[in-house]
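1. Show me how the following folds:
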Amino acid sequence: MITRHLLLLTAAIAVIGANSLALSPIAAAVAVSFPGRSAADVVTAAALYGLATAGSALLLASMSDRIGAERALGRALLMLAVSLGCAALSPALWVLIAAQTLAGLAAGVALPAIYTLTAQVAAKGRESQTLSFVLTGWTLSLVVGVGLAALLADLLHWRAVFSLLALAAVGLALGISRCHDWGVSAVGEAPSSSLKALRTPGIHSVLLNVAAYMTAFYGLYTYLGPHLGEVLQRPTSFAGLAIAVYGLGFGVAAPLGRLVDRYGATAAACVTFAGLMLVYLGLMATATLPMALVALCLVWGVANHLGLNLLMRQLAEINPAQRGAIMGLYSAITYLCMFTGALLYRPIFAHFGFATCAWASAMLVLPALGWALGQWRRKQSELRCRPEA
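-> Residues are numbered from 1 along each chain as shown. Sure thing, here's the model as predicted:
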């Protein structure tokens, strides 16, 4: 059942995601407002946003465990609104960069709080289905947010983009503060930072899988556009189509979360990670076929949604009392892998091409598949050893 809580959480992800993704397509328009600056200079703001988000997720996300995830999210959204308002009014590029850095600090608190609240409000037996619905906020930001940002920049001004996002953040903060019954958070000793949550038993293997998984995605995703444009000589709009198709696949996968709840996360993980490896190998095999690449982007989006769902669910269930801090680790790793993936894949793309990048991504999914198979075998062994009633 779709509730007001879930709609607010999904919208919050959409606004945060739209801000993180919108700057790239409007960078040239932004640069025109600052004489002597280029689009590359403007993209610096996006880089610092990502680093600030990672740092904030490590050091501040545990606030959700201390003051309550709904309070942490409300305050973070207000902080995001202020930073976006400053971005809209920025008289110089350094102000825009500083505003986006502040927005990153807010996002580093908001995202773990959203994932924590999703786990709190999820009905028993519908955890994956609930998480899948909230994750569609990323689809909205990718498909709707980026397109709307480009349209507003063309029709009005790039400052209208940040103004609209700031107003949306204020509205969401008010909606969350007036919405009650966010579920009961687990009682326990909250760590002062997400780093202390690294002591939680069983967390290291899952975080290593998250790091490999995210590096595989961002490394390949970063060079999909350059491959289509520079190597295959397709127009920019074609690369945009590929990204939109991926986002559509990511969103279409939301109803599949109920299958995870029905058949169990362990069995679903084995199928999902094996399927994702096949998708990456398929992208490798069709690297010279533009239309086949676009078609596979749809399947890529579906598989990636399910994989993220499973990894995040595993993290959320490790220790509910430190859920905010643990999801802070997840967010920090995600944003760090956004940069390390692009950095590590650059020489691979330059010297060996997109197909080899896809093969590398398939290999990086292997640890997650091995972990899932290990969990499945352990579960089967427990069932065999269980005495008959």
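
2. Any buried residues in the helix or strand containing residue 101, and which?
-> Using DSSP states H and E, residue 101 falls within helix 93-121. Of all the residues in helix 93-121, those buried under the rule 16 or more other Cβ atoms under 10 Å are 93, 96-121. All C-beta spots, glycine's among them, are computed from the backbone N, C-alpha and C.

3. Can you name the next helix or strand after the lowest-mean-pLDDT helix or strand in the chain?
-> Ranked by mean pLDDT, DSSP states H and E, the weakest helix or strand in the chain is helix 257-263, scoring a mean of 74. Where DSSP H and E defines the elements, the next helix or strand beyond helix 257-263 is helix 265-285.

4. List the contacts of that next one.
-> Residues from elsewhere that reach helix 265-285 (Cβ atoms under 8 Å, 6 or more residues apart in numbering): 128, 216, 220, 259-260, 293, 296, 299-300, 303-304, 306-307, 310, 313-314, 354-356, 358-359, 361-362, 365-366, 368-369, 371-373, 375-376, 379.

5. Buried residues of it, list them for me.
-> Under the neighbour-count rule (16+ other Cβ under 10 Å), helix 265-285 has 265-266, 268-270, 272-273, 275-277, 279-284 buried.

6. mean confidence for that helix?
-> Averaging pLDDT along helix 265-285 yields 92.

7. Next, the angle from the lengthiest helix in the chain to helix 265-285.
-> Counting residues, the longest helix found in the chain (DSSP state H) is helix 354-385. Counting by axes from the mean of the first three to the mean of the last three Cα atoms, to 10 degrees, helix 354-385 lies at 160 degrees to helix 265-285.

8. Helix 354-385 packs against which elements?
-> helix 203-226, helix 265-285, helix 290-318, helix 323-352 (3 or more Cβ pairs under 8 Å, 6 or more residues apart in numbering; DSSP states H and E).

9. measure residue 331 to residue 52 for me?
-> As for residue 331, its distance to residue 52 is 12 Å (criterion: Cβ to Cβ, to the nearest Å).

10. neighbour-wise, which of the two wins?
-> Comparing residue 331 with residue 52 by neighbour count (other Cβ atoms under 10 Å), the higher total belongs to residue 331, at 25 against 20.

11. since we're on residue 68, how many residues are nearby?
-> 18.

12. Equivalent analysis for residue 21, please.
-> Residue 21: 17 surrounding residues under other Cβ under 10 Å.

13. Go ahead and build a PyMOL selection from the buried members of the contacts of helix 265-285.
-> Burial among the contacts of helix 265-285 is assessed by 16+ other Cβ under 10 Å; the matching PyMOL selection reads:
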select buried, resi 128+216+220+259+260+293+296+299+300+303+304+306+307+310+313+314+354+355+358+359+361+362+365+368+369+371+372+375
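
14. ok so, going back, let me have the helices and strands packed on helix 354-385 in CSV, extended by distance to residue 88.
-> Below are the helices and strands packed on helix 354-385 laid out as CSV (distance: least, Cβ to Cβ, whole Å):
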stretch, distance to residue 88
helix 203-226, 27
helix 265-285, 38
helix 290-318, 31
helix 323-352, 23
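
15. Looking at those helices, spot the one closest to residue 138.
-> Nearest to residue 138, of all the helices and strands packed on helix 354-385, is helix 290-318, at 8.7 Å by Cβ to Cβ.

16. Report the inter-axis angle for the closest one versus helix 265-285.
-> Counting by the same axes, to 10 degrees, helix 290-318 lies at 150 degrees to helix 265-285.

17. ok and helix 290-318 relative to helix 203-226, angle-wise?
-> 160 degrees.

18. which secondary structure elements does helix 290-318 contact?
-> Helix 290-318 sits against helix 93-121, helix 127-139, helix 203-226, helix 236-252, helix 257-263, helix 265-285, helix 323-352, helix 354-385, with contacts defined as 3+ Cβ pairs under 8 Å, 6+ apart.

19. Mind giving me the packing neighbours of the third one?
-> With contacts defined as 3+ Cβ pairs under 8 Å, 6+ apart, helix 203-226 has these neighbours: helix 236-252, helix 265-285, helix 290-318, helix 323-352, helix 354-385.

20. Residue 242 and residue 3, how far apart?
-> To residue 3, residue 242 is 34 Å away according to Cβ to Cβ.

21. if you count what's nearby, which of the two comes out ahead?
-> Between residue 242 and residue 3, counting by other Cβ under 10 Å, residue 242 is the more crowded of the two (23 against 14).

22. Would you check that residue 357 makes contact with residue 350?
-> No - taking Cβ atoms under 8 Å as the definition, residue 357 is not a contact partner of residue 350, at 10.2 Å.

23. Helix or strand: which one has the nearest residue to residue 140 once chain neighbours are set aside?
-> Leaving out its chain neighbours, the residue that sits closest to residue 140 by Cβ to Cβ, 6 or more residues apart in numbering is residue 14, at 4.0 Å. Here residue 14, judged by DSSP H and E, is contained in helix 4-22.

24. Check which residues of the helix or strand following that helix are buried.
-> Later in the chain than helix 4-22, the nearest helix or strand by DSSP H and E is helix 27-32. Buried residues in helix 27-32, counted by 16+ other Cβ under 10 Å: 27, 29, 30, 31.
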